[in-house]
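1. my questions concern the predicted model and sequence given below.
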Amino acid sequence: MVNIEEALVAAAEFLGEDSKSWYSSDVRIIQESCFVEQGRLIAPYDHVDYLDRGKDDMRLAGNLPIAVYLSTGDCSYITLDESKTSRNATCSEQGSPPSTG
């Protein structure tokens, strides 16, 4: 069993590793948009230039959030079908996300 803070770390590590092969790997989890659903932390992400500097041309499109199974800590991307039916709860329902530096 992993808690929310551990799940956020796992999601960030998963994204960091997977994004190494992308054209632009400067991406980050959007902690304030994370939520827990069906035993998983759902973690959206976007490009840092969009998140920190508001550069709309750097905003990602079509990216599916990361799911971290709270029972195991395993990570994967959610499916397109799952993204269409997902509800939007917040991480704060299960505990506050850790601060980032």
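-> Okay, I see it. Everything numeric in this text was worked out from a predicted model, so none of it was measured.
2. give me the number of residues near residue 35?
-> Applying other CB atoms under 10 Å, we find 19 residues neighbouring residue 35. In short, each C-beta sits where N, CA and C put it, glycine included.
3. try residue 43
-> Neighbours of residue 43 (other CB under 10 Å): 26.
4. might you report the residue contacts of the residue lying closest to residue 58 once chain neighbours are set aside?
-> Closest residue to residue 58 apart from its sequence neighbours, by CB to CB, 6 or more residues apart in numbering: residue 49 at 3.8 Å. Contact analysis of residue 49 by CB atoms under 8 Å, 6 or more residues apart in numbering lists 26, 55, 58.
5. what residue lies at the spatial centre of the chain?
-> residue 43 (2.2 Å; CA atoms, centre = their mean).
6. is it true that it touches residue 9?
-> No: between residue 43 and residue 9 there is no contact under CB atoms under 8 Å: 10.5 Å.
7. where is the longest helix in the chain?
-> Longest helix in the chain, counting residues (DSSP state H): helix 4-18.
8. strand partners of the following helix or strand past it, parallel vs antiparallel please.
-> Proceeding N to C from helix 4-18, the next assigned helix or strand is strand 27-29, under DSSP states H and E. According to DSSP bridges, strand 27-29 forms sheet pairs with strand 45-47 (antiparallel).
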